[in-house]
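Trainee: sequence first, then the predicted structure, then my questions.
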Amino acid sequence: MSEQMKASAGTSDGTSEDGAPTASVPSIRALTAEIADRFNETNLALIRKVVAELGPEGTLALVAEAVAIEAAGGMLTNDQSRRRTPGGVFFHLARGRMTPEARWRLFPRVPSRKPTKLATTDAIVAFDLAEALSALEETGEATTVKITLVGRPGRPIERGDVFIAQMDSGKVPTIPRGLPMPSHPTSYALLIARRQWAKIAPALASDPTDKMIAEGWPELDPKSGKVLVYVTKVSTAGLDRAEREKQKAATAN
C-alpha cells in the first residue's frame, strides 16, 4: 500500500494522526482516486460510496486484503467461471464488511427474468402479504426442517465449545412469477460445535475463495431479528471437492 494512499486517508473523524483537522471530502476523493488507479477500476462513484460507508481506515484494510488475494493468485467469481478483476475483488470484500442495509443500498441486485409472453388469464394479482398472513387460521406440521447456507462466514466468536458466526443474505433469488419479491435482507447466526469448526477453519483460512456449506435447523430469535442456525453438518466446497477426487482416485486404483 503506497504512503500516498495512507496519507490521503487521514482518520475517520476528520483529523490527522497528530490531531490536526483534515478536509474530509478531499481525503475521500484522493483515496478514491488511489484505489481506482491501483485496481484499474473505472467505477469511481461506487468506490467513493464504499469509502464513505466504511471509512478510510476500514477501506485501507480492504485494499490490503485485496492486494494480498491478488498476489496469491486472485479470486474466482461465485460460479467459478472466471477470475475476478482486482476491482471486483475489492468490491466483493467490501460487500462482506457492510450491514445488510448498506449492502442493499450500495450493491442492489435485481433478479434476472427471461421475458415471457403472458396470456390474459396469466395476469399477476398483487396482494397484501401482511393481511394474508394474519388471515391464516389452520396450522400444519413440518416433520422435517433443514436450511442450507453457502458462502463465507464472518469472523466467529467463541463461547465455550460453540463458535458463532454471522452470514447475511441480500441476494434476491429467481422465484416463480406471481410470488411477492423479498424486500429485506436476512441475517443468520450460525452456532457451530468446536469439532465442526476445527474441521473447516484451516480450509477457509488457507483459501479466501473457498465457501462454507452449512446445514442445520433454523429458529428465529425475536430479540435480534436474526435467524439462528443450529448447524448439524458443515464442510467447504474445497473439502468436498478434495474428497470427491480422493474417492475417484481410489476407484481408479
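Mentor: Here it is on my side, so go on.
Trainee: count of neighbours near Asn40?
Mentor: Asn40 is flanked by 9 other residues according to other Cβ atoms under 10 Å. (Each C-beta comes from the backbone N, C-alpha and C, glycine too.)
Trainee: look up how far Gly74 lies from it.
Mentor: 14 Å (Cβ to Cβ, to the nearest Å).
Trainee: show me where pLDDT drops low in this structure?
Mentor: For the chain, applying pLDDT under 70 flags the ranges 1-26, 109-126, 172-173.
Trainee: can you give the domain ranges for it?
Mentor: Using automatic domain parsing, the domain parsing of the chain gives 3-106, 144-252.
Trainee: comparing those domains, which comes out most buried?
Mentor: Compared across these, domain 3-106 shows the largest average neighbour count, a mean of 16 (mean count of other Cβ atoms under 10 Å).
Trainee: mind checking how far it is from the chain centre?
Mentor: 16 Å (Cα atoms, centre = their mean, to the nearest Å).
Trainee: which helices and strands does the helix or strand where Ala61 lies pack with?
Mentor: Under the criterion of DSSP states H and E, Ala61 resides in helix 44-71. Judged by 3 or more Cβ pairs under 8 Å, 6 or more residues apart in numbering; DSSP states H and E, helix 44-71 is in contact with helix 3-9, helix 24-39, helix 86-97, helix 100-106.
Trainee: grab the nearest non-local neighbour of Leu228.
Mentor: Excluding the flanking residues, the one nearest Leu228 by Cβ to Cβ, 6 or more residues apart in numbering is Glu219, at 4.7 Å.
Trainee: quick check, the one you found in a strand?
Mentor: Yes - assessed with DSSP: H, G, I helix; E, B strand; the rest coil, Glu219 lies in a strand.
Trainee: hey, where'd the helices end up in the stretch 51-200 of the chain?
Mentor: Here the stretch 51-200 of the chain has its helices, by DSSP state H, counting those that start in this stretch, at 86-97, 100-106, 129-134, 194-206.
Trainee: for Ile35, which of these is the nearest?
Mentor: Among these, the nearest to Ile35 by Cβ to Cβ is helix 86-97 (6.9 Å).
Trainee: contacts made by that closest one with the rest, please.
Mentor: With Cβ atoms under 8 Å, 6 or more residues apart in numbering as the test, helix 86-97 has contacts from 35-36, 38-43, 46-47, 50, 54, 58-59, 62-63, 65-66, 69-70, 74-75, 77, 84, 103, 106-107, 152, 154.
Trainee: one more time with 6 Å, if that's ok
Mentor: Helix 86-97 is contacted from outside by 39, 41, 50, 54, 62, 65-66, 69-70, 75, 103, 107, using Cβ atoms under 6 Å, 6 or more residues apart in numbering.
Trainee: looks like Thr186 contacts Ser169 (just checking).
Mentor: Yes - applying Cβ atoms under 6 Å as the test, Thr186 and Ser169 come out as touching, 5.0 Å apart.
Trainee: next one: Leu93 from Lys211, what distance?
Mentor: Counting by Cβ to Cβ, the gap from Leu93 to Lys211 is 15 Å.
Trainee: across the sheet, point out what pairs with Tyr230.
Mentor: Leu191, Trp217 (DSSP bridges).
Trainee: give me every residue that touches it.
Mentor: Tyr230 touches 191, 216-217, counting by Cβ under 6 Å, 6+ apart.
Trainee: so which of those residues is the closest to Lys246?
Mentor: Out of these, the member with the shortest distance to Lys246 (by Cβ to Cβ) is Gly216, at 25.6 Å.
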